[in-house]
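Asker: Just need the structure, nothing else, for what follows:
(one chain, ligands or ions: 2)
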Amino acid sequence: MVFERAGEPLRPAELPDPTPGPGQVLLAVRACGVCRTDLHIVDGELNEPKLPLVPGHQIVAEVVGAGEGAERFAPGARVGVPWLGWTDGTCRYCASGRENLCDGARFTGYDIDGGYAELAVADERFCFPLPDDYPDEQAAPLLCAGLIGYRALRLVGEAERIGFYGFGAAAHILCQVAVHEGRRVFAFTREGDAETQAFARGLGAEWAGSSAEAPPQQLDGAIVFAAAGELMPAALAASAKGARVISAGIHMSDIPAFPYEILWEERTLGSVANLTRRDGEEFLAIAPRVPVRTEVTTYSLEDANQALADLRAGRFRGAAVLVPGSSR
Ligand SMILES: [Zn+2]
Ligand SMILES: [Zn+2]
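Answerer: Numbers count the residues shown, from 1 in each chain. Ligands and ions are numbered 1, 2, ... in the order given. The predicted structure follows:
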């Protein structure tokens, strides 16, 4: 499924089979998660993708070939491919253990063709072995929603009472991790979304309500998953002294002005960008121990536009996943 221009639907296309270059593996895609970032790309809010582009950066795949020098994975191995697809390894960010901020980074499904396809290639150094506990479609949302969400959770620090603003693919995973760590989760949804609020409570949230409401207790930290800038001051206003409020999205509408008094007393606003390979290794080790259970709605590859439309409208709980070949 090919993206050519912002505002237009993805187009089904038959492309030549990709050839793995040096250090790359050829992958038969078994499942690919749909991420809000993909919506930002098709809407033109992230406006420097390669064109034409095969989107998709939560790839679960089988290794079916290897380029020169690629020997990390045996044929038949199951791997996951995340958003971080390549780094230069030499810039000052890479040199200081912050490859998520690499100046030369290339991203899967943005700078590199991704997993809305039957075949893909990936740099073997940026692939993850996947825990056996998860069927393909359940593993896919771990690869972005899960592990970038996990990085956001680490940035929030030791917060006991943690707020999640927007309860979609990432929050439904992170809620389970946070509860497992002994934290208390407060879930904020769109106004009147009783179904998602019940979903959050079912995953261990102590309280669920609308983002316009004040939680019953002040938050020690919050992660804003929704792309609405006004949620940043809303989360600050709901937070206790010293709280960190972290935006986990790659794009957000403008943050409105707010009075300094809601930031005062060592509250912090921040953001999380991308992932390091270490984040992925840590999270994929923790997920089966929680154990994280992902709730997925599957679509055939050809129905990618429908999956994106349903994500935009909030028509499913948890995560959407494309499964090539499932309509045949
Ligand atoms: Zn993503
Ligand atoms: Zn770098």
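Asker: What's the local residue count around the residue in the stretch 101-250 of the chain that ligand 1 sits nearest to?
Answerer: Proximity of the stretch 101-250 of the chain to ligand 1 (CB to the ion) peaks at Cys144, 3.2 Å away. Bear in mind the C-beta positions are built from the backbone N, C-alpha and C, glycine included. Other residues near Cys144 come to 31 when the count uses other CB atoms under 10 Å.
Asker: what's it in contact with, if anything?
Answerer: 33, 35, 37, 57-58, 82-83, 170 (CB atoms under 8 Å, 6 or more residues apart in numbering).
Asker: Which of these fall within helices?
Answerer: Within those, residues falling in helices by DSSP state H are 37, 170.
Asker: residues in contact with the nearest residue to Glu68 once chain neighbours are set aside?
Answerer: The spatial neighbour of Glu68 that comes closest, neighbours along the chain excluded (CB to CB, 6 or more residues apart in numbering), is Pro22 at 4.4 Å. Neighbouring residues of Pro22 by CB under 8 Å, 6+ apart: 67-70.
Asker: so which of those is the most crowded?
Answerer: Ala70 leads these on contacts (other CB under 10 Å) with 22 neighbours.
Asker: Might you report the residue contacts of the closest residue to that residue other than its chain neighbours?
Answerer: Leaving aside its sequence neighbours, Ala70 sits nearest to Glu124 (CB to CB, 6+ apart; 4.8 Å). By CB under 8 Å, 6+ apart, Glu124 lies in contact with 23-25, 66, 70, 72-73.
Asker: again, but for Thr196
Answerer: 167, 187, 189-190, 208, 314, 317.
Asker: Assumed it was part of a strand.
Answerer: No. Applying DSSP: H, G, I helix; E, B strand; the rest coil, one finds Thr196 to be helix, outside a strand.
Asker: which of the contacts of Thr196 are buried?
Answerer: 167, 187, 189, 208, 317 (16 or more other CB atoms under 10 Å).
Asker: isn't the fourth one right next to Asp193, touching?
Answerer: What it means is Ala208. No. Using CB atoms under 8 Å, Ala208 is not in contact with Asp193; the gap is 9.2 Å.
Asker: Distance check, Arg72 against Gln24.
Answerer: 11 Å (CB to CB, to the nearest Å).
Asker: same question, Val323
Answerer: Taken as CB to CB, the span from Val323 to Gln24 is 23 Å.
Asker: cool, Gly69 as well?
Answerer: 9 Å.
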